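1. build me a structure from this.
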Amino acid sequence: MRAEAIRPGPVRRGTAAVLGFTLAAVTLYAAGIGSVTEYVLRSGVLGLAGLTVLLLCPLAVRTPGLRMLGWAIDLAVGLAFAGSIVWFLRLSEELWSGLYILTGIDLAFAAAGLLSLLELTRRAIGAPLAILAALMLGYALFGESLPWLFRHAGYSPSAVAQTVWYGLDGVFGLAAGVMVSLVFVYIVFGAVLESTGAGSVMLQTATRATDRLPGGAAHGAVMASALFGTISGSVTANVVGTGVFTMGLMKRRGFTPSFAGGVEASASAAGQFLPPVMGAAAFLMSELVGVSYLSICIAALLPALFFFASLFCGVRVEAARKGMRSEPSTERTGLTVQDMVLSLLFLVPIGTIILLLIMGRSPAMAGFAAIAASILVAVALRPEVRRRPQVLLSGLAQGGIAGARIMVAVGTIGILIGVLNLTGLGTRIAEAILSLGDGSLFISLLLTMIVSIVLGMGLPTLPAYLLIVILVGPALQGLGVPLLAAHLFVMYFAVFSALTPPVALAAFAAAPIVNAAPTAIGLQAMKLSAVGFVIPFVFAYQPELLLLPGSDIGAVLWVGLRLALAIWLLSTALGRFDRVSLAPVDVLFRLVAGIGAVTVWPVLQTGAVLLGIGLIVLHYMRRPKETAF
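-> Residues are numbered from 1 along each chain as shown. Just a heads-up that it's a prediction; the model follows:
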């Protein structure tokens, strides 16, 4: 049973809210006002995050007679974690000099800190990541006895503690640094934006903007998830945040519950790829790749737009197959002047981010300014915010709480990074993937896709991306894939792990809301996202899609044209409909032409494009128009 099943009492919730607000305030101060020593900032934020998780996720003990035992364990975990953080800070100056030799009590505090961090991670996001980190610690200590690529030279407990807990390669390393100095700001930004009512405005704007289309409600769900995805760092949060409204609309419009859930799940996953925020992973990617954040946004834009285009096509095909028509003009609400004005609640903050980045300011400062802008716009446009300004404080607190859960997970991933750096296992894993791929880029990409989906199951976007890229990212670089393309490839499939069995968290999140089986929702989501699974392979082979510096405009247009054609061919083939039902042979030819259009071989590309265009032209020439699109 997950710890979240037990609801904490009001005292715990109130204290956690105070800690969440403190976390938000500290990170905002570091981002936009003053500077804080790295050791203090990383360890302090992690310490507060751990205590926040402990308060919100008490030990799941329902038996009254064992309740005191649960309290005792919670107290022990809290004291161990807080004490270890304080001890780390006490030694920070000596550790910074690099000349300090660990003592027995130092090792005891490191062990207490690591074990309590694993328990907090289990409570925050589930057991898989905690178990993996525990196995990695065991591997660092006893791996010299293992066979094959897992064998290493052997490391003492002191060497492991020095790297994983007391060094800047482990728990308090680069990932934690980027999290506290940059990513945390955007998690808070998303929560504040939601507290101003921008989320409901996004949803209303999206549904009203698409009510002229035959599948209006489903198109609105795609657009709403795209907008909401710019501020959300979790696929499941996106499903729950927008799906409560959109899936009900889709069902009333005539879509099946499983299709409605599949649309919401796949669109929520796609929302993580859309700039400018991209589930907050873009900022970490910028640090790891070594390019500007604006470059990440530019590179991610076209693949994300093509993915959303494929979802729109999938919805349109299904709406036509079911004979849906657009709502009568008398029943359409349409966008009103008030909608346009209220859309400033999210347009101004997001525009602030983009403007400051173009001006050359840091992403952290852009996030800080966006939060300030969202508060000012909300006060100006929303009377309810002026009447109850405490909702803004609550938004800051909720942002801190959301960031606390991610921070704990990132700290645990720091354990993995430290062990991989210490033992060299990451390099050997990359070599093994290259060896299994036998020099074939396609096989290596396929293996990387499978590993990414498996490792990413059950994790939010940012921890999933970070975990996978440190394990399998080097393998793609070894085959000549551009570094940015390799990172985006990993991120795509880390996010898609929320759609794929057996975990499929997005489908399980949608199931109780839409009242459909998670498996049926997952299958619909995978069908709708089929093109999304192809797009990473396209930009891995043809990085022109990422608009990298020096890209030839002709090559960009050619790959864009082929991908657009493939989207229509694959969407109609999988939906088995294009104005009328498609015969099996038509479906087969469309699948062949669609896949062939995005292959790497020029002759096959050209032949597939000609075949695809010919199929569409012949289809429209020989079949009467039976269903309005």
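2. all strands for the stretch 351-500 of the chain, in order.
-> With DSSP state E, counting those that start in this stretch as the criterion, the stretch 351-500 of the chain has no strands.
3. next, the buried residues of the longest helix along the chain.
-> Counting by DSSP state H, the longest helix found in the chain is helix 390-423. Buried residues in helix 390-423, defined by neighbour count with 16 or more other Cβ atoms under 10 Å: 391-392, 394-423. To be clear about C-beta, it is placed using only N, CA and C from the backbone, and glycine gets the same treatment.
4. and that helix, how far out from the chain middle?
-> 14 Å (Cα atoms, centre = their mean, to the nearest Å).
5. same deal with stretch 349-368?
-> Relative to its chain's centre, stretch 349-368 lies at 21 Å (Cα atoms, centre = their mean).
6. likewise stretch 475-487?
-> 20 Å.
7. show residues contacting it.
-> 285, 288-291, 295-296, 299, 429-431, 433-434, 437, 439, 441, 444-445, 447-448, 465, 469, 473, 489-490, 539-540, 543, 546, 548 (Cβ atoms under 8 Å, 6 or more residues apart in numbering).
8. mind giving me the PyMOL select for those, buried ones only?
-> Applying 16+ other Cβ under 10 Å to these, the buried members can be selected in PyMOL as follows:
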select buried, resi 285+288+289+291+295+296+299+429+430+433+434+437+441+444+445+447+448+465+469+473+489+490+539+540+543+546+548
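9. so which of the contacts of stretch 475-487 are in helices?
-> Those of these lying in helices (DSSP H): 285, 288-289, 295-296, 299, 429-431, 433-434, 437, 441, 444-445, 447-448, 465, 469, 473, 489-490, 539-540.
10. can you list the domain ranges for this structure.
-> As given by automatic domain parsing, the domain ranges for the chain are 3-128, 183-405, 562-629.
11. out of those domains, deepest packed?
-> Most buried of the domains of the chain by mean neighbour count (mean count of other Cβ atoms under 10 Å) is domain 183-405; its value is a mean of 22.
12. TSV for the domains of the chain, including distance to residue 504 and mean pLDDT?
-> Below are the domains of the chain laid out as TSV (distance: least, Cβ to Cβ, whole Å; pLDDT from 0 to 100):
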stretch	distance to residue 504	mean pLDDT
domain 3-128	14	86
domain 183-405	8	83
domain 562-629	18	88
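13. quick one: which of the ones you listed is nearest residue 495?
-> domain 183-405 (4.8 Å; Cβ to Cβ).
14. and the closest one, end to end?
-> 13 Å (Cα to Cα, to the nearest Å).
15. one more: stretch 171-190?
-> 25 Å.
16. list the contacts for residue 35?
-> Counting by Cβ under 8 Å, 6+ apart, residue 35 has no contacts.
17. could you redo the last one with a cut-off of 10 Å?
-> 29, 41, 181 (Cβ atoms under 10 Å, 6 or more residues apart in numbering).
18. quick one: which of these is nearest residue 512?
-> residue 181 (37.6 Å).
19. does that closest one belong to a helix, a strand or coil?
-> helix (DSSP: H, G, I helix; E, B strand; the rest coil).
20. does residue 143 really touch residue 151, like I thought?
-> Yes: if you go by Cβ atoms under 10 Å, residue 143 and residue 151 touch, sitting 6.5 Å apart.
21. where do the contact lists of those two overlap?
-> With Cβ under 10 Å, 6+ apart as the test, residue 143 and residue 151 both reach 423, 425.
22. between the two, which one's more packed in?
-> The neighbour comparison of residue 143 against residue 151 (other Cβ atoms under 10 Å) goes to residue 143, with 19 against 14.
23. check contacts around that one.
-> When the contact criterion is Cβ under 10 Å, 6+ apart, the partners of residue 143 are 136, 150, 151, 152, 153, 154, 155, 419, 422, 423, 425.
24. same question, residue 357
-> So residue 357 contacts 276, 292, 293, 294, 297, 363, 365, 366 (Cβ under 10 Å, 6+ apart).
25. isn't the last one up against residue 352?
-> So the one you mean is residue 366. Yes: between residue 366 and residue 352 there is a contact under Cβ under 10 Å: 7.0 Å.
26. before we move on, back to that, identify the farthest-apart pair in the contacts of residue 357.
-> So, these by Cβ to Cβ: farthest apart are 297 and 365, at 16.0 Å.
27. between the domains of the chain, which gets nearest to residue 514?
-> domain 183-405 (4.3 Å).
28. residue 345: which of the contacts of residue 143 is nearest?
-> residue 136 (43.6 Å).
29. quick check: which element contains that closest one?
-> Using DSSP states H and E, residue 136 maps to helix 127-142.
30. and if you look at residue 87?
-> helix 67-90.
31. now for that helix, which elements pack on it?
-> Of the remaining helices and strands, those touching helix 67-90 by 3 or more Cβ pairs under 10 Å, 6 or more residues apart in numbering; DSSP states H and E are helix 38-56, helix 104-125.
32. now render these as TSV, adding distance to residue 524.
-> As requested, the helices and strands packed on helix 67-90 are arranged in TSV below (distance: least, Cβ to Cβ, whole Å):
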stretch	distance to residue 524
helix 38-56	33
helix 104-125	26
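33. show me the strands in the stretch 501-629 of the chain, by range?
-> According to DSSP E, counting those that start in this stretch, the strands that the stretch 501-629 of the chain contains are 577-578, 580-581.
34. so how far is the first one off the chain centroid?
-> Using Cα atoms, centre = their mean, the distance from the centre of strand 577-578 to the centre of the chain it belongs to is 32 Å.
35. that one: partners in the sheet, and parallel or antiparallel?
-> strand 580-581 (antiparallel) (DSSP bridges).
36. quick one: the partner strand to chain centroid distance?
-> So, by Cα atoms, centre = their mean, the centroid of strand 580-581 is 37 Å from its chain's centroid.
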